[in-house]
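# Whatever this is, show me its structure:
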Amino acid sequence: MSVRKEITEYDGIYFITFTCCQWLSLFEITNGYDVVYQWFDHFKSKGHYISGYVIMPNHVHALIAFRNTQGESINKIIGNGKRFMAYDLVKRLKDSGNKEILDKLTSFVDVNEKSKGKLHRVFEPSFDWKECRSDKFLEQKLNYIHENPCRGSWQLVKQSEDYVHSSAKFYATGEQGIYPVTSYAALEDVDLTRWKDDAASPSRETLL
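Now for the predicted structure:
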């Protein structure tokens, strides 16, 4: 279930989950998996790390290591990412002429949001998160992430490493899958409390 609790820290490893509105399979309908990869690329460009993920047809689980966000709320970072992805998914629906799904997304917008100009609700308004403070917890979450395509009514693959939109292959074989990730074990030597550009220098004044 999505929560609205604020993350008060500005660094750390978090298990993040967000879902498409009303569990519509929007990533599958739009073939929008690459939109999430573009979002991951943006994270990396800011010095953060993607250590695990699965992109399901209607939701995403990701293990993200945030390096010092310089006072910017992690909740805001995730929210901005969801907006970026929403715009792209709506554009794809428009380009493909999928009026039925667009009308559904419009119907999910409440009166207050409509008064502010919002036209479509693509994702559930909040997201779920858990901070990962131990290797045991990290491994539990990775297992949960990777087994998602094999569970319940999904049954998308028999072996988790066969699902392409996931980091399962990397953790099972050591070979990177469709999107490269950084092993959580490799982060033990990374000081996430430091801003990425001062990691190699004791002073940020030289960067000004």
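
# Show the contacting residues for Trp154.
Neighbour list for Trp154: Met56, Asn148 [criterion: Cβ atoms under 8 Å, 6 or more residues apart in numbering]. C-beta coordinates here come from the backbone N, C-alpha and C atoms, glycine included.

# and it, what element?
Under the criterion DSSP states H and E, no helix or strand holds Trp154.

# what's the answer for Asn112, then?
Using DSSP H and E, Asn112 falls in helix 111-115.

# In the chain, which residue is most central in space?
Ala62 (4.9 Å; Cα atoms, centre = their mean).

# Am I right that that residue is in contact with Tyr37?
No. Look at Ala62 against Tyr37 with Cβ atoms under 8 Å: they stay out of range, at 11.2 Å.

# what's the lowest-mean-pLDDT helix or strand in the chain in contact with?
Lowest on mean pLDDT, DSSP states H and E among the helices and strands of the chain sits helix 111-115, with a mean of 85. Applying Cβ under 8 Å, 6+ apart, the external contacts of helix 111-115 come out as Arg121.

# Helix or strand next in line after it, which one?
strand 128-131.

# For the helix or strand just after that following strand, which helices and strands make contact with it?
Next along the chain after strand 128-131, taking DSSP H and E as the criterion, comes helix 135-147. Helices and strands touching helix 135-147, by 3 or more Cβ pairs under 8 Å, 6 or more residues apart in numbering; DSSP states H and E, are strand 12-19, strand 49-55, strand 59-66, helix 168-173.

# Only alpha carbons, please: show the shortest one as PDB.
By that I understand helix 168-173. What follows is helix 168-173, C-alpha atoms only, in PDB (Å, rounded to 0.1, in the frame of the first residue of the first chain):
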ATOM      1  CA  ALA A 168      17.700 -10.900 -11.400                       C
ATOM      2  CA  LYS A 169      20.100 -12.100 -14.200                       C
ATOM      3  CA  PHE A 170      22.900 -10.100 -12.700                       C
ATOM      4  CA  TYR A 171      22.500 -11.400  -9.200                       C
ATOM      5  CA  ALA A 172      22.000 -15.000 -10.400                       C
ATOM      6  CA  THR A 173      24.900 -15.200 -13.000                       C
END
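
# Return the distance of it from the chain's centre.
Between the centre of helix 168-173 and the centre of its chain there are 19 Å (Cα atoms, centre = their mean, to the nearest Å).

# now swap in stretch 29-46 and tell me
The answer for stretch 29-46 is 8 Å, by Cα atoms, centre = their mean.

# Flag the shaky bits of this protein, pLDDT-wise.
The model of the chain has pLDDT under 70 over residues 1-4, 197-208.

# Run the angle between the longest helix seen in the chain and strand 12-19 for me.
With DSSP state H setting the assignment, residue counts place helix 74-95 as the longest helix in the chain. If you take axes from the mean of the first three to the mean of the last three Cα atoms, to 10 degrees, helix 74-95 sits at 30 degrees to strand 12-19.

# From the contact counts, what lies against helix 74-95?
Using 3+ Cβ pairs under 8 Å, 6+ apart: helix 74-95 touches strand 12-19, helix 26-30, helix 33-45, helix 99-107.

# ok, and for the second one, which residues are buried?
Meaning helix 26-30. Neighbour-count burial for helix 26-30 flags Leu26, Phe27, Ile29, Thr30 (criterion: 16 or more other Cβ atoms under 10 Å).
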